[in-house]
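Colleague: got a predicted structure plus its sequence, pasted below:
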Amino acid sequence: MKFADKATLNILARTLGSVLLMVSSIIMTRYLTKETYGTYLQAMLVINTVTMLSFVGLPQSIYYYFQTAENKVGFIYKNIALSLAIGITVAAALMVFRGGICKLVGNTEIYGYMHYLALIIILQSPLSFRDPIFFSSGALVANSVSTIFCSSMDYIPLYYAVMAGWSLKAIFLVSIASKVLNLVFFALLLKKYCLDAVVDIGSIVHQKKVRLLDQVCYAMPIGAAGYVGVIGSQVDKYIISSGFSPAQFAVYSRGAMEVPFISTITYMLNDITLPRYVNAYKGRDIGQLLDLMHANIDKVAKINIAVFAFLFVEAGLLMEILYTKQYADATPIFRVYLLSLLFGVTVYNMIPTVTGNTRMLFNATLMSIIVKITVCLALLKVLGPVGVAVGVFVGSLIYMVYLLYCSVRILDVQWTRIMPWARVGKICLVAFSAGLGISLYHGLLARLGLTENLVSFGISFLVFCYIYLCGLNLVGLICDEDRDFIKRWLRVDPFLFMPRFKIRFLSN
């Protein structure tokens, strides 16, 4: 199977989890009260925050050291044992400080569920190392299978529990049972595809014994940045959670959602390509490193920017279709969050991480969170929850710009080389033109007095896709490899129904 197809399988597998998560939110907004749903989301906020704080940095060290590890099987065992030890320690800390945590999220009802949350964290711990181990071992297909199974087990039983009217206690017990099954399945795949047959990925450097201290030293700067980054990534939710009711938190959370499929592409492509990035840098081939980076940016930008243009126009209708009119106030928050798609065309910490300059990540993250908190609190009084979303975006933008500056200095290249600026600009022009096209379509529907619904949304999507794909083709942004990939996955050639001439001044 081609590398592009393996990468696509992993992206689709990760996307399934995002889609199932969105479906769970659709079901919960209809079967749970806003207060109960808000409590559940606050419990998930605690789990996600604690998990990210616990394991940040160490999983990334696997990418860096796996290729040079003398005993790869022992290296894998050591990291799995480490993940369990960390999970147990963190779960115990969660129980000790559960009273303070409940006050932090502004909901004392969560106190009675803390022992369930602690057990979920322990069972989830080894899965935090799944992607780095499978990707570094070359087991891309096994990783996609594991991701699909775990996502299905996480959400499908949950759907039944919610629709059957079970209590939050029963819902958390269902989640625990699902995590047990996930852990068993992961262990079986790990043994077959990594422990019994470690793939030789052809490292260009000599193998050596990797000590736990080596990993910790490498991970500490990433971890320091990660700790601040986790706080920064969740700070808006804690501000809303502590200052507003669980029902208002539920509305904000629906607006501050990630877009399924899109949110996983950038990081998944980066994770899959990381071993090649490392080899290129250690081989002093900066040109190849940038070529790999630009190839991923091109793929991501064509998707991210198109999704931004489409959903920015359709945000109001989408919120109504997914979550009913009760969550209409989430629309402006969702539009602000969509802005991250415009700039999230690459993983900005990739070059500092690959080159070992991980201290820069802490500086970037610290600046980001200071700006984020300052702007969030300042705009909260003026714009309410929307101001908090704007603060998140501004802080994230500072992070991206600073790390771009650092990457230019590390590689000693010009700004014009670090990113394919002209190509991304052309993609924006085509996507915004398609967005204008569907805006006119909705204007026509309004003029005719027709009601907007799921059918009109579907038609709008098809119109946008045709205009956008046609535009990319006309300005020469789709290469033969892209065409082959699209035809292979769609099982049809959409270019047969498009104009064949090219706009030459944009193609050059």
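Modeller: Yep, it's here.

Colleague: now the helices for the stretch 51-200 of the chain?
Modeller: For the stretch 51-200 of the chain, the helices defined by DSSP state H, counting those that start in this stretch occupy 58-65, 72-96, 98-105, 114-124, 130-137, 140-163, 168-190.

Colleague: what's the mean pLDDT across the fourth one?
Modeller: If you average the pLDDT over helix 114-124, you get 92.

Colleague: so that helix versus helix 72-96, what angle?
Modeller: Comparing the axes of helix 114-124 and helix 72-96 via axes from the mean of the first three to the mean of the last three C-alpha atoms, to 10 degrees yields an angle of 170 degrees.

Colleague: mind checking how far the nearest residue to Ser54 once chain neighbours are set aside is from Tyr77?
Modeller: Of all residues not flanking Ser54 in the chain, Val90 sits nearest, at 4.5 Å (C-beta to C-beta, 6 or more residues apart in numbering). (Each C-beta comes from the backbone N, C-alpha and C, glycine too.) Per C-beta to C-beta, to the nearest Å, Val90 is found 21 Å from Tyr77.

Colleague: pick out whichever of those two has more residues nearby.
Modeller: Ranked by neighbour count (other C-beta atoms under 10 Å), Val90 and Tyr77 place Val90 first, with 18 against 13.

Colleague: read off the pLDDT value for that one.
Modeller: At Val90, pLDDT is 89.

Colleague: residues touching it, list them.
Modeller: Counting by C-beta atoms under 8 Å, 6 or more residues apart in numbering, Val90 touches 50, 53-54, 121.

Colleague: which of those residues sit farthest apart?
Modeller: Greatest spatial distance in the contacts of Val90: Leu53 and Ile121, 10.7 Å, computed using C-beta to C-beta.

Colleague: looking at those two, which one has more neighbours?
Modeller: The neighbour comparison of Leu53 against Ile121 (other C-beta under 10 Å) goes to Ile121, with 24 against 16.

Colleague: gap between the nearest residue to the more buried one once chain neighbours are set aside and Leu104?
Modeller: Leaving out its chain neighbours, the residue that sits closest to Ile121 by C-beta to C-beta, 6+ apart is Ala91, at 5.0 Å. Distance of Ala91 to Leu104, computed by C-beta to C-beta: 18 Å.

Colleague: might one say that Val105 is in contact with Leu45?
Modeller: Yes: Val105 lies in contact with Leu45 (C-beta atoms under 8 Å); the separation is 6.7 Å.

Colleague: overlap in contacts of those two?
Modeller: By C-beta under 8 Å, 6+ apart, the residues touching both Val105 and Leu45 are 238, 241.

Colleague: who's more crowded, the two?
Modeller: A side-by-side neighbour count of Val105 and Leu45, using other C-beta under 10 Å, places Val105 first with 23 against 19.

Colleague: redo the helices of the stretch 51-200 of the chain as a markdown table? Include distance to Ser24.
Modeller: As requested, those are exported to a markdown table (distance: least, C-beta to C-beta, whole Å):
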| stretch | distance to Ser24 |
| --- | --- |
| helix 58-65 | 25 |
| helix 72-96 | 23 |
| helix 98-105 | 20 |
| helix 114-124 | 15 |
| helix 130-137 | 21 |
| helix 140-163 | 5 |
| helix 168-190 | 10 |
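
Colleague: wait, which of those is closest to Pro332?
Modeller: Closest among the helices of the stretch 51-200 of the chain, once you apply C-beta to C-beta, is helix 98-105, at 23.7 Å.

Colleague: buried ones in the closest one?
Modeller: For helix 98-105, the neighbour count (16 or more other C-beta atoms under 10 Å) marks 98, 101-102, 104-105 as buried.

Colleague: angle of that helix against helix 114-124?
Modeller: Calculated by the same axes, to 10 degrees, helix 98-105 forms an angle of 90 degrees with helix 114-124.

Colleague: what packs against helix 98-105?
Modeller: Contacts defined by 3 or more C-beta pairs under 8 Å, 6 or more residues apart in numbering; DSSP states H and E place helix 98-105 against helix 34-55, helix 114-124, helix 212-243.
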